[in-house]
Structures are given as C-alpha cells and as structure tokens.
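1. Take a look and give me a structure for this.
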Amino acid sequence: QVQLVESGGGLVQGGGSLRLSCVVSGNRLSMYAMSWFRQGPGKEREFIAAIAWISGSTYYEDSVKGRFTISRDRAKNTVSLQMNSLKPNDTAVYYCAAVPQYLGPPFSASIVGYWGQGTQVTVSS
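-> Numbers count the residues shown, from 1 in each chain. This next block holds a predicted model:
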C-alpha cells in the first residue's frame, strides 16, 4: 500500500510558476517510480513526469520538458513538481501517482498502482 497526498495547486497567471508537493508513505517505495499526471477539462488523464525513487532517474512528457522539473526527497518522503513558464493549457487537476517501476517507461494512467486525490492548477491568460 502507498498513500499519496498532494498540495500546492492554485491560480497563477500565464508565465508564472507553481510548485506542487506530494507526501508519500507506505511500503516498498523502492519498487515505484513516483509520477505526476494531469487531467484537463474534457481530456484524458495524461503522464507528465516521473522519477525513480531510488536512482532518481527522471522522465518527462515532451510538452513539459524544459519547463517542469520533478524531484524527490527520500529523507522527507516527498516528491515535488516545479512548474515554470505556465500556460493556460496547463490548466488541469494534477495527480501524484505511484507506478510500479518495472512497467515503464513509457508511463500511462493504465499502469498506475496508486493515486493521490489531485490538486487543481488554473493558469489564466
């Protein structure tokens, strides 16, 4: 069992920044890549970024490369997503997720083992 609790969403102007955090707890975390997904209005849930819990290897969806940075702090059991140069089409509910590492990359919603509750990010134009 893995529990994930996100925080840090909110309203920001286009071009601005936000930092999302996810507190991770549970067993056998080394088996997972901690990930961020998002689901915009009328859209399917999509992969954004992942980080291997032990090695720290990172993976990004092309549209966020160079703008978003995923990181993890194993001492504090947290995963963060720093989002810069935000655009209106980044508006979505953002979910922290634990993906069994042996299943990816690529990462998709269908292979996620555990989900957080989500946090809303709204980017105004």
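
2. now stretch 79-93: mean pLDDT?
-> Stretch 79-93 carries an average pLDDT of 97.

3. I meant to write stretch 22-32 there.
-> On average, stretch 22-32 scores 94.

4. Just give me the residue right at the centre of the chain.
-> Central residue of the chain (Cα atoms, centre = their mean): W36, 1.7 Å from the mean position.

5. start to end distance for stretch 80-89?
-> End-to-end distance for stretch 80-89: 20 Å, by Cα to Cα, to the nearest Å.

6. Tell me what Y94 is bridged to.
-> In this entry, Y94 is beta-bridged to R38, T119, by DSSP bridges.

7. remind me which residues of this structure are low pLDDT?
-> Applying pLDDT under 70 to the chain picks out no residues at all.

8. Disregarding residues adjacent in the polypeptide, which is nearest to the residue lying farthest from the centre of it?
-> Ranked by distance from the centre of the chain (Cα atoms, centre = their mean), the top residue is S125, with 22.8 Å. Leaving aside its sequence neighbours, S125 sits nearest to P88 (Cβ to Cβ, 6 or more residues apart in numbering; 4.7 Å). Where C-beta positions appear, they are placed from N, C-alpha and C, glycine not excepted.

9. Would you mind stating the distance between the one you found and S124?
-> 7 Å (Cβ to Cβ, to the nearest Å).

10. For the two, list the residues in contact with both.
-> G14 (Cβ atoms under 8 Å, 6 or more residues apart in numbering).

11. pretty sure V93 contacts T122?
-> No - counting by Cβ atoms under 8 Å, V93 stays clear of T122, with 9.9 Å between them.

12. So between those two, which is more surrounded?
-> Set side by side, V93 and T122 show more neighbours around V93, with 18 against 15, by other Cβ atoms under 10 Å.

13. For the residue nearest to the centre of the chain, which residues are in contact?
-> L20, C22, I48, A49, A50, I70, V79, L81, Y94, Y95, C96, A97.

14. Just put those in CSV and tack on neighbour count and secondary structure.
-> Below are those laid out as CSV (neighbours: other Cβ atoms under 10 Å; DSSP: H, G, I helix; E, B strand; the rest coil):
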residue, neighbour count, secondary structure
L20, 23, strand
C22, 25, strand
I48, 23, strand
A49, 24, strand
A50, 27, strand
I70, 22, strand
V79, 29, strand
L81, 25, strand
Y94, 23, strand
Y95, 23, strand
C96, 28, strand
A97, 27, strand
